[in-house]
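**Student:** What follows is a predicted protein model with its sequence.
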Amino acid sequence: MENSIHQPAQPERRNLASTFLRLSGALILVIAALHYMIQGLNITSESLRFWVMPGFISFLAVCGLLCGYWLKDAKNARIFFGLGTAFVAAQLSQVAAMGRALLIKGQSGEILLDMWWDLDHLSPLIFGSNVIVSVLLAIPVAYAGFTMLARQHRTSLLLGFLMANVAMVLPVREPMFVTTVIILGFFVLRYRDMRLYQPDRTLRSVSGFSARLLVWVPLFIIIGRSVFYPLSDIQYAVMMSLISWVMIKEIPRVTGKAEFVPLLQYFGMTLAIMAWFIGADNIIQSVSSSIEIYASAFPIVVFLFITSFHIQDDSPATRFVAAMIAMLTVLCMLLDKHSYITALVSMGTGIGLSVAGLYLHEKLVISCGAISLIGGLIYYMGFLLDMYHAMPWLSAGLLGVAALLLASWIDKQQGSVKGNLGIAWNAFKNW
């Protein structure tokens, strides 16, 4: 009896051990590839290092074939070919580095990502043969990898992977060009993923998600490679914005309502705000000095309002923070430079916040809007007082006419106005 109870535990332990070994082995191989791309290998022959990665990719493919056809282990076969596909991108990045090294050979002042390439041993013949071998390896290995991971979508996945690799091997390292490639690559790959793969439930499994992730590997390499070159403020801002987007939109889309998602989303919002201040310095300085404070804060307010509809928890709290930032900004602006422009901006902000609060049924947002509106009106109240001192009789006459007209309108609309105000007040109290 006792033996029958404890018998299933051993297969479970074996499965757990094999899963742990698979994950550990895959992680070690990924770390080895990263080390190779950044630092190279300490081997005796300088010429041999150009062929290390193609040989290793071939070795992974052979291991995958052995696991699939001899050991009948489909899991390990998928892992080997999946890693081989990722290493194809790593090899192509090194081919691009070799080509760039040949292009700028003899030029001073250039900074290379792969400083470990020995230019004395790197010849056009070695480079050309390496290109041929890499292409001959890339297509069959990547095709086999996507076939094993997501057979139904292998062609479109392979096409996206090759397109991303073409962008990666371009020899240009100019900051604006690299930034443009990163932005376009991100949104093109995201569009393809959303339209072609997201609706298919089979691609939400571990194998399917791995296949989708492999398409992004060349873009990850472009981003990682750009870190080793001098970065402009725009590049910093773009990379931080993309990371923010991934944390706010992409990770929740993939993982669902996991417990760690809200924390990642708030961290992503912080990164986006930092990116704005880093990348928009020239934009802020180009506006009028009277609304410079507002120009720096207004995009943050809009961003927080929009993002509040995409986060999992505390959306009203996020909108309240945005409303507080807007209110404090306009009040500081009024205290710093009191003019009709700042007063108009304050009133416009107050009206916008009040309308948003009424639409969303949020008292705190309405309160911030009302304070901003009152702050702007104070300036025009002072203007009316100055006009009264300049033309007292005309001002008094206009005020009297306005009072009489308002009294007539109230008498005519008394029932409806009172009823609507009562309904609105009761609704406001229940928000």
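**Tutor:** Looks like it arrived, so ask away. In this text the structure is predicted, and so the values were computed from the model without any measurement. Residues are numbered from 1 along each chain as shown.
**Student:** who's in contact with residue 373?
**Tutor:** Contacts for residue 373 (C-beta atoms under 8 Å, 6 or more residues apart in numbering) come out as 346-347, 350-351, 354. Yep, even glycine has a C-beta here, placed from its N, CA and C like the rest.
**Student:** buried subset of these?
**Tutor:** Buried by 16 or more other C-beta atoms under 10 Å: 346-347, 350, 354, out of the contacts of residue 373.
**Student:** pLDDT and distance to residue 186 added to those, as JSON lines?
**Tutor:** Shown next, in JSON lines, are these (pLDDT from 0 to 100; distance: C-beta to C-beta, whole Å):
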{"residue": "346", "pLDDT": "89", "distance to residue 186": "38"}
{"residue": "347", "pLDDT": "90", "distance to residue 186": "39"}
{"residue": "350", "pLDDT": "92", "distance to residue 186": "37"}
{"residue": "354", "pLDDT": "90", "distance to residue 186": "37"}
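**Student:** Same list as before, those that is, but in a markdown table and with distance to residue 27 and secondary structure included.
**Tutor:** Listed next are the buried ones among the contacts of residue 373 as a markdown table, based on distance: C-beta to C-beta, whole Å; DSSP: H, G, I helix; E, B strand; the rest coil:
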| residue | distance to residue 27 | secondary structure |
| --- | --- | --- |
| 346 | 55 | helix |
| 347 | 58 | helix |
| 350 | 54 | helix |
| 354 | 54 | helix |
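**Student:** Flag the shaky bits of the stretch 1-150 of the chain, pLDDT-wise.
**Tutor:** Low-confidence segments of the stretch 1-150 of the chain (pLDDT under 70): 1-14, 37-49, 105-121.
**Student:** Residue 51: what's it in contact with?
**Tutor:** Residues counted as contacts of residue 51 (C-beta under 8 Å, 6+ apart) are 130, 133.
**Student:** now with 10 Å?
**Tutor:** Residues near residue 51 by C-beta atoms under 10 Å, 6 or more residues apart in numbering: 45, 126, 129-130, 133.
**Student:** Any quick ChimeraX command for the buried ones out of the residues you listed?
**Tutor:** To isolate the buried subset of those in ChimeraX, counting by 16+ other C-beta under 10 Å, use the following:
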select :130,133
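**Student:** Could you single out the nearest of the contacts of residue 51 to residue 281?
**Tutor:** Distances from residue 281 to the contacts of residue 51, taken as C-beta to C-beta, are shortest for residue 130 (42.9 Å).
**Student:** pretty sure that closest one is touching residue 53, no?
**Tutor:** Yes - counting by C-beta atoms under 10 Å, residue 53 is a contact partner of residue 130 at 9.3 Å.
**Student:** what touches both of these two?
**Tutor:** 91, 94-95.
**Student:** In strands only, show me the residues you listed.
**Tutor:** Nothing among the shared contacts of residue 130 and residue 53 maps onto strands, per DSSP state E.
**Student:** can you pick the most crowded of those?
**Tutor:** When those are compared by neighbour count (other C-beta atoms under 10 Å), residue 91 ends up highest, at 25 neighbours.
**Student:** I'd like the buried ones among the contacts of residue 373 written out as a markdown table, with distance to residue 148 added.
**Tutor:** Output for those, formatted as a markdown table (distance: C-beta to C-beta, whole Å):
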| residue | distance to residue 148 |
| --- | --- |
| 346 | 62 |
| 347 | 63 |
| 350 | 60 |
| 354 | 58 |
